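Asks: With the input below, show me the fold.
(one chain, ligands or ions: 1)
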Amino acid sequence: MPRNYVPKQISLDHLGLLKKTSCGSRDSLAYLQERKALKHQGVFTKTERLSKTQQLGVEDYPKGVGGPKAQPMSHPGTTDSEVVYKYAGSVIRQIIPQDRIGTYTVNMQTGSQNGVQNGCPINKEGAEFNPYRNWRRPDLPSRCTYGRSKDNPHSNKSCPKPVRPKILNSVLENIAGTPMIRLNNIGKSEGLKCEILAKCEFFQPGGSLKDRIALRMIEDAEEKGFIKPGATIIEPSSGNTGIGVAMVCAVKGYRCIIVMPQRMSLEKVATMKALGAEIYRTANGIPFDQPESHVGVARRLMEEIPNSFLLDQYRNPSNPLAHYDGTAEEILDACDNKLDMVVIGTGTGGTLTGVARKIKERCPNCKIVAVDPEGSLIAEPAELNQKGKKFEVEGIGKDFVPTACDRQFVDKWYKAADKESFQMARRIVREEGLLVGGSSGTALHYGIQAMKDFGLKEGQRCVVIFVDSIRNYMTRFLNDEWMGERGYLEDEEEEPSK
Ligand code: PMP
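Replies: Have a look, this model is predicted:
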């Protein structure tokens with residue numbers, strides 16, 4: 001049974017998140033440290049067992065070169081502990097809530113966390129390490145190579161444009177293989193002579209490019225034996241990954257829980273509910289590392305629900321790999337490996353990472369242009385970013401740089417405003433007949449800017465990725481009232497210029 005929309009207070013209360021620790025401020029609330037990363041750096045070397053009476057303290061952290069120097073403090077009125085230590089040059093404050101000090105084992109060698117939290121089993125004692133049941137911060141730098149080099153830890157799937165049989169076995173076989181369509185009018189009216197091609201991901205069966213990663217994340221986990229029939233799949237999402245995951249779960253028979261911030265459209269909620277997903281919505285603007293954020297609530301649900309698995313697109317390598325093996329191959333195939341610029345909006349950064357890496361391998365001179373909304377913190381250099389500014393285009397922008405986002409191949413970042421994005425999305429519909437969502441407007445508006453800045457000429461070619469469809473936004477940027485109230489209609493061209 002799909003769970004109906006749960007109002008914030010009830011859902012947070014249900015999750016026990018309204019319970020305050022005596023340690024006070026939101027900023028000081030943090031969860032257990034990212035143990036596998038520490039292990040990777042040779043910090044953790046032994047198995048630790050914490051008992052109710054043994055509060056986490058200095059001796060619970062293994063000592064070693066660069067290892068944390070812990071200063072435990074108890075919090076009056078609770079048995080919560082606070083540990084402050086230095087790691088990688090920064091001071092880390094960690095509140096270890098009472099419920100985490102219970103029967104809880106951390107294997108420092110594997111990073112696996114066995115035992116019980118809040119009455120729910122994490123990994124069973126002695127179970128294999130399962131990355132989908134071990135939360136990690138989603139903003140750690142990526143250590144992945146993704147490519148085809150010898151030290152690539154992942155399997156690559158060779159998937160150029162799929163050849164479709166006449167009859168498909170399920171909707172999942174219709175994922176990928178989207179068309180590349182030439183834009184005939186907008187570029188011209190902007191005075192551009194280069195060719196502009198749209199990679200039309202909004203034709204995916206779930207309505208967005210995120211269908212690719214939903215399928216790839218779930219199938220990679222199944223192949224490795226981490227997810228089995230009867231599982232519950234949990235994902236924090238701005239909606240499109242949620243729709244993709246819900247669709248895959250509907251076909252494969254998994255229970256699906258999506259956690260999404262309130263600001264995302266009701267159209268997305270309706271689609272996910274129709275697909276049988278249970279939806280939790282979190283308040284807007286909560287920093288990602290707080291327990292009430294969509295990332296925090298998803299983590300909490302994973303820890304509370306037995307046999308549940310967190311895919312976590314923000315750090316799951318299958319996200320960029322879906323684009324490295326799929327989206328990028330399709331773009332290169334359509335262009336016969338000849339292209340001069342690609343424009344990509346960033347949310348998790350998975351598209352950027354996968355597409356840019358593959359395209360730079362094959363077409364090293366191709367410019368990679370990334371677009372990030374004003375108010376988001378992904379763009380480089382950091383001075384471009386303005387913390388705390390609100391933005392309304394959905395699916396792009398974050399208050400952290402996701403692990404899945406590798407920015408090394410970006411030639412230039414552009415910061416995007418809502419008004420220009422929505423106006424351009426409406427132009428794409430009206431002038432090109434392509435039924436796109438708001439972030440496609442963002443990509444094209446700032447892509448045009450980049451084509452001008454880089455001086456793309458006749459005979460050169462730019463590909464812009466159109467991520468999702470108009471279906472998600474019927475009551476938003478398609479609606480004149482919604483646009484007018486926000487001042488987004490001002491200066492909108494009456495007629496497309498000829
Ligand atoms: N546009 C939309 C509409 C999206 O939903 C997303 C994904 N959140 C993106 C762009 C960005 O894609 P990525 O997560 O791969 O950076």
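
Asks: make it CA atoms for all contacts and neighbour counts henceforth
Replies: OK.

Asks: which residue does the stretch 101-250 of the chain bring closest to the ligand?
Replies: residue 240 (4.8 Å; Cα to the nearest ligand atom).

Asks: Which of the helices or strands spans the residue nearest to the spatial centre of the chain?
Replies: Centroid check for the chain by Cα atoms, centre = their mean gives residue 348 as the closest residue, at 3.5 Å. When elements are assigned from DSSP states H and E, residue 348 belongs to no helix and no strand.

Asks: ok, for the residue of the stretch 101-250 of the chain closest to the ligand, nearest residue in space, not its chain neighbours?
Replies: residue 210 (5.8 Å; Cα to Cα, 6 or more residues apart in numbering).

Asks: can you give me phi and psi for the closest residue to residue 280 other than its chain neighbours?
Replies: Take residue 280 and drop its neighbours on the chain: the residue closest to it by Cα to Cα, 6+ apart is residue 259, 4.7 Å away. Phi and psi for residue 259, reported as degrees, to the nearest 10, are phi -110, psi 120.

Asks: wait, isn't residue 259 in contact with residue 240?
Replies: No - look at residue 259 against residue 240 with Cα atoms under 8 Å: they stay out of range, at 11.7 Å.

Asks: all helices for the protein, in order.
Replies: In the chain, the segments counted as helices under DSSP state H are 8-14, 35-40, 186-189, 210-223, 240-252, 266-274, 294-304, 318-322, 328-334, 350-362, 418-427, 438-453, 480-485.

Asks: just checking, which of those helices sits deepest inside the structure?
Replies: Greatest average neighbour count among the helices of the chain goes to helix 318-322 (a mean of 29), per mean count of other Cα atoms under 10 Å.

Asks: Show me what that one is in contact with.
Replies: 146, 156, 212-214, 216-217, 220, 313, 349-355, 404 (Cα atoms under 8 Å, 6 or more residues apart in numbering).

Asks: can you do 7 Å?
Replies: 146, 212, 213, 216, 217, 313, 350, 351, 353, 354, 404 (Cα atoms under 7 Å, 6 or more residues apart in numbering).

Asks: Likewise for stretch 382-393?
Replies: Outside stretch 382-393, the residues within contact range by Cα under 7 Å, 6+ apart are 373, 374, 375, 376, 377, 379, 418, 438, 439.

Asks: so where is the stretch 351-498 of the chain shaky, pLDDT-wise?
Replies: For the stretch 351-498 of the chain, applying pLDDT under 70 flags the ranges 492-498.

Asks: Near the ligand, which residues of the stretch 251-400 of the chain? Just list them.
Replies: Applying Cα under 6 Å from any ligand atom, we find that the stretch 251-400 of the chain lies next to the ligand at 345, 346, 347, 348, 349, 350, 351, 394, 395, 396.

Asks: ok, back up a step: if I look at the residue nearest to the centre of the chain, how far off is residue 319?
Replies: As judged by Cα to Cα, to the nearest Å, residue 348 and residue 319 stand 9 Å apart.

Asks: Spell out which residues are contacts of both of the two.
Replies: What both residue 348 and residue 319 touch, as defined by Cα under 7 Å, 6+ apart, is the set residue 313.

Asks: thinking again about what came up before, what residues does the residue nearest to residue 240 make contact with?
Replies: 240, 241, 244.

Asks: any idea which of these is the one closest to residue 228?
Replies: Nearest to residue 228 out of these is residue 244 (Cα to Cα; 18.6 Å).

Asks: these two touch, right, that closest one and residue 217?
Replies: No - between residue 244 and residue 217 there is no contact under Cα atoms under 7 Å: 10.6 Å.

Asks: you'd agree residue 194 is up against residue 458?
Replies: Yes - counting by Cα under 7 Å, residue 458 is a contact partner of residue 194 at 4.4 Å.

Asks: more neighbours, these two?
Replies: residue 194 (19 against 10; other Cα atoms under 10 Å).

Asks: Got phi/psi on that one?
Replies: According to degrees, to the nearest 10, residue 194 has phi -70, psi 160.

Asks: neighbours of the nearest residue to residue 145 once chain neighbours are set aside, just the number please.
Replies: Leaving out its chain neighbours, the residue that sits closest to residue 145 by Cα to Cα, 6+ apart is residue 152, at 5.4 Å. Using other Cα under 10 Å, residue 152 has 12 other residues around it.

Asks: any idea how far residue 152 lies from residue 317?
Replies: Applying Cα to Cα to residue 152 and residue 317 gives a distance of 11 Å.

Asks: same question, residue 380
Replies: Taking Cα to Cα, one finds residue 380 at 22 Å from residue 317.

Asks: who has more neighbours, these two?
Replies: residue 317 (26 against 17).

Asks: need the contact list for the residue nearest to that one when sequence neighbours are not counted.
Replies: Distances taken as Cα to Cα, 6+ apart place residue 404 nearest to residue 317, at 6.6 Å, with adjacent residues excluded. By Cα under 7 Å, 6+ apart, residue 404 lies in contact with 142, 314, 315, 316, 317, 320, 348, 349, 350.

Asks: Look up the pLDDT of the residue lying closest to the last one once chain neighbours are set aside for me, please.
Replies: Leaving out its chain neighbours, the residue that sits closest to residue 350 by Cα to Cα, 6+ apart is residue 320, at 4.2 Å. At residue 320, the predicted lDDT confidence score is 96.

Asks: now the one 4 residues further on
Replies: At residue 324, the model reports a pLDDT of 95.

Asks: excluding its backbone neighbours, what's nearest it?
Replies: Residue 324's closest residue in space is residue 354 (Cα to Cα, 6+ apart), at 3.9 Å.

Asks: Let me see the contact set for the one you found.
Replies: Here residue 354 is in contact with 320, 321, 323, 324 (Cα under 7 Å, 6+ apart).

Asks: And for residue 362?
Replies: Contacts of residue 362 (Cα under 7 Å, 6+ apart): none.

Asks: how close does it get to residue 324?
Replies: Residue 362 is 12 Å from residue 324, by Cα to Cα.

Asks: same check, this time on residue 427
Replies: From residue 427 to residue 324 the distance is 30 Å (Cα to Cα).
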